[in-house]
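Visitor: got a sequence here, can you build the structure:
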Amino acid sequence: MGDSLVPTGYSSSHMERKMSAMACTVFNELRLEGKLCDVIISVDGIEFNAHKNILCSCSHYFRALFTSSWNNAEKIVYKIPGTSPEMMRLIIEYAYTRTVPVTADNVESLLTAADQFNIMGIIRLCCEFLKSQLCLENCIGICRLTDYYHCPDLREAAYVFILHHFEEMAKVSTEFLDLSINELKHIIEKDELNVKQEDAVFEAILKWIAHDPQNRRQHIAVLLGKVRLALMQAEYFMNNVKTHDYVKDNEECKVLIINALTEMYNLNMHGPSYSDFANPLSRPRLPYAILFAIGGWSGGSPTNAIETYDARADKWVNVTCEQESPLAYHGTAYLKGFVYVIGGFDSVDYFNSVKRFDPLKKTWQQVAPMHSRRCYVSVAVLNNFIYAMGGFDGYMRLNTAERYEPETNQWTLIAPMHEQRSDASATTLHEKVYICGGFNGNECLITAEVYDPTTNQWTFIAPMRSRRSGVGVIAYGNEVYAVGGFDGVNRLRSVEAYNPVANTWHTVHTMFNPRSNFGIEVVDDLLFVVGGFNGFTTTFNVECYDENANEWYDVHDMSIYRSALSCCVVPGLSNVREYVARRD
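Guide: Below is the predicted model:
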């Protein structure tokens, strides 16, 4: 009597869903055969047979239509205005199948019809389709579309897309030129506006005004007040903003110019302070991407320190989770919303363990361990796989390599490298994985290899110009950069870059400081090197390289000096304010 009637492995809800789907299939067959139908929907003279119960199940509109007191229960034919026969056909098919073909050609008409007949399922499908189609040319139009329909998720996605891609969008979008003054003002005043330099905002304003100068130049003061003028390069400000005719001819702009020059002077004399963040003329925008510097070796022992770098404010923020254990000589990778920390050493144990951090929830989780213990490991991400290569397991330097797939939570061995490598570094470029330098147990290596996942083969590429162990390797400007390291005698300032087309290395401008075992990443099209060991001590020094200027620049120091750390970049965080310098 107590035995369940539901077969093992099935829940009652599963059975109910299955029965519901079967019922809909049967009703759809009856509809197509014209059997047992109790309603005819007529649109522009085209008639559709259907079942009232099925239409009511997906639409409050039809439920109200069929059950209202002013409609005779015996009524069969209902004429429906305000839509097309094609849209009604799709709606009726959706009622029976719960699927609908959404295309670029029909999505707006389908969304209008779904809204008219209050079919939330179709509205959701249309919104998901439009989200997937967001691009520079249509993001404003899609955002405006949500003014007419209740699609909060789509509106948020479109607006975030506009903010994140503003600079490129303003250059190519014709929709940008049709923005109202209020729409443009609300976009450019946002801290979340993703621009590397404020001159991009000023240029966008000029372009918008030029589309209708007679009516729009009067708005220059309102718009200019939303630009972070004091953060502009002084030369650009003096030559392009202060002297522009729109600005010179406007009395309100003159006050803005004086205030901006005063704030520029203060910034130049005293440097940025948190008080400047309250001034709308000098408050940095929020960065789109956050640089995480995780763990490392500090003061003779491993550390659990985590700092994030706010590139727009040039400030480091301590976000250390005290519950996490100290770790050094590990690798990190960002993939699909998670920061993975791979392998490493805590001064006692060599780890094959892997944990991942959710930057939205700020939680840590263990995932599947690697096949081998790996400290001094090299890590890279390609096509939604995390690659872990080489390293030291406590006994020997490794030439083995493996890759992790988050969907299956499994590590799989791939072809071994030609050389044993610990203290190497890896990156990905043009669908391949590159690993350079390292230490084989006897000498610092000058060799480099490339892995092709389509053939599961490693191939030697041209050797570097210098031996480099503890090197930093990163893809930058369509080349593979090998930065710093240890050549067996000295810590290096030198930098070289590999051209995969020519299979050659060429020298690049040297860093200010020698370093090995440091973090390396690219943020805002700049190559950052973080911390490391300079031959005498661990350092908190940071610098960045701009390939366009062929120059290195000093960056604000970390709070904690360390080597053997690992860096990764996390883009597009909705809670980015929790990882940056405070703006209020």
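
Visitor: count of neighbours near residue 238?
Guide: 14 (other Cβ atoms under 10 Å). C-beta: built from backbone N, CA, C; applies to glycine.

Visitor: kindly confirm my reading that it is in a helix.
Guide: Yes: Residue 238 sits within a helix when classified using DSSP: H, G, I helix; E, B strand; the rest coil.

Visitor: how about the closest residue to residue 391 other than its chain neighbours, what does it touch?
Guide: Closest residue in space to residue 391, ignoring its immediate chain neighbours: residue 374 at 3.3 Å, by Cβ to Cβ, 6 or more residues apart in numbering. Residue 374 is in contact with 331, 342-344, 350-352, 388, 390-393, 398, counting by Cβ atoms under 8 Å, 6 or more residues apart in numbering.

Visitor: now do residue 339
Guide: Residue 339 sits next to 292, 294, 332-333, 356-357, 359, 568, 570 when contact means Cβ under 8 Å, 6+ apart.

Visitor: repeat that for 10 Å
Guide: Contact analysis of residue 339 by Cβ atoms under 10 Å, 6 or more residues apart in numbering lists 292, 294, 306, 332-333, 355-359, 364, 566, 568-570.

Visitor: quick one: low-confidence parts of this structure?
Guide: Applying pLDDT under 70 to the chain flags residues 1-24, 27-29, 33, 35, 69-75, 271-276.

Visitor: show me it divided up by domain.
Guide: Annotated domains of the chain cover 12-133, 179-278, 289-579 [automatic domain parsing].

Visitor: from those, which stretch is densest packed?
Guide: Among those, the stretch with the highest mean neighbour count (mean count of other Cβ atoms under 10 Å) is domain 289-579, at a mean of 19.

Visitor: ends of that one, how far apart?
Guide: The first and last residues of domain 289-579 sit 10 Å apart, counting by Cα to Cα, to the nearest Å.

Visitor: adding distance to residue 156, write the domains of the chain out as JSON lines.
Guide: Listed next are the domains of the chain as JSON lines, based on distance: least, Cβ to Cβ, whole Å:
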{"stretch": "domain 12-133", "distance to residue 156": "10"}
{"stretch": "domain 179-278", "distance to residue 156": "12"}
{"stretch": "domain 289-579", "distance to residue 156": "9"}
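
Visitor: residue 574 contacts residue 360, correct?
Guide: Yes: if you go by Cβ atoms under 10 Å, residue 574 and residue 360 touch, sitting 6.8 Å apart.

Visitor: how far off centre is stretch 332-341?
Guide: In terms of Cα atoms, centre = their mean, to the nearest Å, the centre of stretch 332-341 is found 12 Å from the chain centre.

Visitor: swap in stretch 94-108?
Guide: Stretch 94-108 has its average C-alpha position 29 Å from the chain's average C-alpha position, going by Cα atoms, centre = their mean.

Visitor: ends of it, how far apart?
Guide: 16 Å.

Visitor: which parts of the stretch 251-400 of the chain are strands?
Guide: Along the stretch 251-400 of the chain, the stretches classed as strands by DSSP state E, counting those that start in this stretch are 289-294, 297-298, 301-302, 306-310, 315-318, 331-335, 338-342, 354-358, 363-367, 378-382, 385-389.

Visitor: JSON lines for the ones you listed, including distance to residue 493?
Guide: What follows is the strands of the stretch 251-400 of the chain, written out as JSON lines (distance: least, Cβ to Cβ, whole Å):
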{"stretch": "strand 289-294", "distance to residue 493": "21"}
{"stretch": "strand 297-298", "distance to residue 493": "21"}
{"stretch": "strand 301-302", "distance to residue 493": "26"}
{"stretch": "strand 306-310", "distance to residue 493": "22"}
{"stretch": "strand 315-318", "distance to residue 493": "23"}
{"stretch": "strand 331-335", "distance to residue 493": "24"}
{"stretch": "strand 338-342", "distance to residue 493": "28"}
{"stretch": "strand 354-358", "distance to residue 493": "32"}
{"stretch": "strand 363-367", "distance to residue 493": "36"}
{"stretch": "strand 378-382", "distance to residue 493": "22"}
{"stretch": "strand 385-389", "distance to residue 493": "26"}
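
Visitor: do you know how far the closest residue to residue 123 other than its chain neighbours is from residue 51?
Guide: Of all residues not flanking residue 123 in the chain, residue 114 sits nearest, at 4.7 Å (Cβ to Cβ, 6+ apart). Counting by Cβ to Cβ, to the nearest Å, the gap from residue 114 to residue 51 is 20 Å.

Visitor: on that earlier part again, ok, the residue nearest to residue 123 touching residue 121?
Guide: Yes: Residue 114 is in contact with residue 121 according to Cβ under 10 Å; the separation is 8.0 Å.

Visitor: hmm, back to that, now do the residue nearest to residue 391 against residue 184, distance only.
Guide: 51 Å.

Visitor: what residues are up against the residue nearest to residue 123?
Guide: Residues in contact with residue 114 (Cβ under 10 Å, 6+ apart) are 58-59, 87, 90-91, 94, 100, 120-127, 149.

Visitor: in helices, which of these fall?
Guide: With DSSP state H as the criterion, helices contain 58, 87, 90-91, 94, 120-127 from among the contacts of residue 114.

Visitor: dump those to TSV, plus distance to residue 190.
Guide: Below are these laid out as TSV (distance: Cβ to Cβ, whole Å):
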residue	distance to residue 190
58	38
87	37
90	38
91	38
94	37
120	30
121	33
122	32
123	27
124	27
125	30
126	27
127	23
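
Visitor: find the nearest non-adjacent residue to residue 253, please.
Guide: Excluding the flanking residues, the one nearest residue 253 by Cβ to Cβ, 6+ apart is residue 247, at 4.5 Å.

Visitor: which strands or helices does the helix or strand where the one you found lies pack on?
Guide: Element membership for residue 247, per DSSP states H and E: helix 245-248. Other helices and strands packing on helix 245-248, by 3 or more Cβ pairs under 10 Å, 6 or more residues apart in numbering; DSSP states H and E, are helix 199-210, helix 220-224, helix 251-270.

Visitor: one more pass at 8 Å, please.
Guide: Under the contact criterion of 3 or more Cβ pairs under 8 Å, 6 or more residues apart in numbering; DSSP states H and E, helix 245-248 touches helix 220-224, helix 251-270.
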